[in-house]
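# Attaching a predicted model along with its sequence, questions to come.
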Amino acid sequence: MTKPRPFISQRVAAVPPSGIRRFFDIAATMEDVISLGIGEPDFTTPEPILRAGIEALQRGETHYSSNSGLMELRRAIAEHLDRTYGQTYNPASEILITVGVSEALYLACVATLDPGDEVIIPEPCFVSYAPEVIFAGGTPVMVPTYAENEWQVTAAEIEAAVTGRTKAVLLGYPNNPTGAVMSRERLNAIASVVKRHDLLVISDELYDRLVYGVEHVCFPSLPGMYSRTILLMGFSKAEAMTGWRIGYAAAPAEILGMMRRVHQYTIMCAPTVSQYAALAALREGAPYVTEMRAEYDRRRRLIVDGLNAIGLTCVEPKGAFYAFPSIAITGMDENEFAEKLLEEERVAVVPGSAFGAAGKGHVRCSYATAYEKIEQALERMQRFVRRHG
């Protein structure tokens, strides 16, 4: 009997499922679990943004927008980027509204990578980075970062990974999972490497408005970097709009035109109602972002101090809403630690290796949950470490 031929793409089958989901699935079957695992704000979308979405529905704004998105929204984004970072984009040809930053990343990879092109990716990093490069036919080249450097990648580390096949560098700062924020000095050094080797940069800056006591530097605003950067931004985190699935990409017209082409055939357009909500977020959301950021900062100080006091040493995160402590004191690896902590103390964290090999020996703890729950989680983790440390 002839063996049936496989119908599954080998490229897709070779990519393992997300290492984040397994612990959420287990936690969902248990009672009294405090989750420090999920990377989602516990805030409800601010009222003016909600109202804008509702009013858009009531007006009957339930049809397709243009492929690129509402022109009014693209103009507002262009004004925001110019005002905030001094970087000018043409809203007609250089900004594309996407279904979250996840789609924007997919478009950036598919529109720019040919089979065998290498993309340098500092890790630990968001779980989608390497898979999206692979799905586009490219080859991810992972470059480890270290707690000793506050999880910031250096220009020398990037340059050491450059080969004749290197086409792009994929940066994600402020970083998920480490909370690292890149200094202007280090980004300028990376920009010099990028220019010297004629590389493209895909810069995921979704957490740009969630930084604490430091400056966020927008990569395309650096000298000479606008023409070789795809900027990925969105509303999910700072504006607490994860479920609205709305983001955007900004890039030179030639690059963005190819991203739009893929978007055109794949998605058509981002959800129209969500686009009107995003417009309200840009016009009215700033005070709410400031308020939520202040609360994240309060939680950040609690969790970092608490983890270090327990003995789970943690570099101070300067952005996003994640802490990335070492679990070396327990003698366990990150998977065993996460499984036993969930089983024994009902606290869910994510093993650091879910974010790449450089995350081994660490776990990600999200502080996008209530202050009181973080306090309880730290008490439970202290008991756990006393037993196993």
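Great, that's in hand.

# among the helices and strands of this structure, which one scores worst on average pLDDT?
helix 21-27 (a mean of 71; mean pLDDT, DSSP states H and E).

# Remind me what the next helix or strand after it packs against, helices and strands.
Counting by DSSP states H and E, the element after helix 21-27 in chain order, helix or strand, is strand 34-35. For strand 34-35, the packing partners by 3 or more Cβ pairs under 8 Å, 6 or more residues apart in numbering; DSSP states H and E come out as strand 347-348, helix 371-388. Where C-beta positions appear, they are placed from N, C-alpha and C, glycine not excepted.

# What's the mean pLDDT across strand 34-35?
Mean per-residue pLDDT for strand 34-35: 93.

# all strands in the stretch 1-150 of the chain, in order from the N-terminus.
All strands of the stretch 1-150 of the chain, identified by DSSP state E, counting those that start in this stretch, fall at 34-35, 95-98, 118-123, 139-144.

# mean pLDDT for these: which is lowest?
strand 34-35 - the lowest mean pLDDT of the strands of the stretch 1-150 of the chain, at a mean of 93.

# Run me through the strand neighbours of that one, direction for each.
strand 347-348 (parallel) (DSSP bridges).

# any idea how far the partner strand is from the chain center?
Distance of strand 347-348 from the chain centroid (Cα atoms, centre = their mean, to the nearest Å) equals 21 Å.

# what about the following helix or strand past that strand, distance to the chain center?
Remark: after strand 347-348, the chain's next helix or strand is strand 350-351, criterion DSSP H and E. Its chain's C-alpha centre lies 16 Å from the corresponding centre of strand 350-351 when counted by Cα atoms, centre = their mean.

# what does stretch 141-148 give?
17 Å.

# hmm, back to that, Serialize the helices and strands packed on strand 34-35 to JSON lines and add fields for mean neighbour count, distance to residue 17 and mean pLDDT.
As requested, the helices and strands packed on strand 34-35 are exported to JSON lines (neighbours: other Cβ atoms under 10 Å; distance: least, Cβ to Cβ, whole Å; pLDDT from 0 to 100):
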{"stretch": "strand 347-348", "mean neighbour count": "24", "distance to residue 17": "17", "mean pLDDT": "95"}
{"stretch": "helix 371-388", "mean neighbour count": "17", "distance to residue 17": "26", "mean pLDDT": "97"}
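
# Any chance of a markdown table for the strands of the stretch 1-150 of the chain, columns distance to residue 151 and mean neighbour count?
Formatted as a markdown table, the strands of the stretch 1-150 of the chain follow (distance: least, Cβ to Cβ, whole Å; neighbours: other Cβ atoms under 10 Å):
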| stretch | distance to residue 151 | mean neighbour count |
| --- | --- | --- |
| strand 34-35 | 23 | 24 |
| strand 95-98 | 27 | 27 |
| strand 118-123 | 9 | 25 |
| strand 139-144 | 10 | 18 |
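
# So for residue 172, which of these sits nearest?
Across the strands of the stretch 1-150 of the chain, residue 172 has its closest neighbour in strand 118-123 (7.7 Å, Cβ to Cβ).

# Please enumerate residues in contact with the closest one?
Strand 118-123 has contacts (Cβ atoms under 8 Å, 6 or more residues apart in numbering) with 109, 113, 129-130, 133, 138-145, 153, 157-158, 161-163, 165-172, 202, 355-359.

# Make CSV from the helices and strands packed on strand 34-35 and add distance to residue 244 to it.
Converted to CSV, the helices and strands packed on strand 34-35 look like this (distance: least, Cβ to Cβ, whole Å):
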stretch, distance to residue 244
strand 347-348, 25
helix 371-388, 24
